[in-house]
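**Student:** Got a sequence here, can you build the structure:
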Amino acid sequence: MFLLILLFAVVAVIVAVGLCGYGGRTLSDHGLRRAGAPAVLRGVAALAGAGVCALYAWGLLAVCGAVMTAEDGGTDSSPPQSCRTAGWWERHQQGIEIVGYKVTYIPLGFVCETSDGGSYDNGDVPGYVNPAALVLALTAAGGAIGSGYASELRARADLRRGEAG
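**Tutor:** Model prediction:
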């Protein structure tokens, strides 16, 4: 699981660099003042997508560290050290044991499962990663949809001018 999460992080970084290059090139080729709405929206959408990928890669590295610590094994490995958060000892004294863990990808997190059927996030993923990724993803989607809509309106206007002339 550790290597798979690490692979996802590497892929996210590669996609972030590619989207950043595309967005920057799109905005610089047309110039912000001379560019039409579709080009600006396309560039903003690509840069926001790059931000999402970079944030997600950052969160995946945090999860990767938690998984590496949990899978360490050896002495003092049960319960996993990644699940030993504040209040862990009190729950242990009440008879609630940590029976496992899982990785959630949306929202990104490392979740510890308890013997009473409950679960809790250990907090290794910084608190700003999931909300910021959501906002940037919505911005990227809005920019891409807006760019397509503006291009369609421009194409229809050009078609109407061509028929009239």
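**Student:** ranges for the strands of this structure?
**Tutor:** Using DSSP state E, the strands of the chain run over 98-105, 108-114, 119-121.
**Student:** any idea which of the ones you listed is most buried?
**Tutor:** strand 108-114 (a mean of 20; mean count of other Cβ atoms under 10 Å). Backbone N, C-alpha and C define where each C-beta goes, glycine included.
**Student:** okay, now the closest residue to C20 other than its chain neighbours: neighbour count?
**Tutor:** Excluding the flanking residues, the one nearest C20 by Cβ to Cβ, 6 or more residues apart in numbering is A50, at 4.0 Å. The local packing of A50 (other Cβ atoms under 10 Å) involves 22 other residues.
**Student:** Please list all residues in contact with A50.
**Tutor:** Going by Cβ atoms under 8 Å, 6 or more residues apart in numbering, A50 touches V15, A16, V17, G18, L19, C20, G23.
**Student:** what about this protein, any weak spots by pLDDT?
**Tutor:** 32, 74, 76-77, 165 (pLDDT under 70).
**Student:** Now the residue nearest the centre of the chain. Nearest residue, chain neighbours left out?
**Tutor:** The chain has Y56 as the residue nearest its centroid, 3.1 Å off, counting by Cα atoms, centre = their mean. Leaving out its chain neighbours, the residue that sits closest to Y56 by Cβ to Cβ, 6+ apart is A12, at 5.1 Å.
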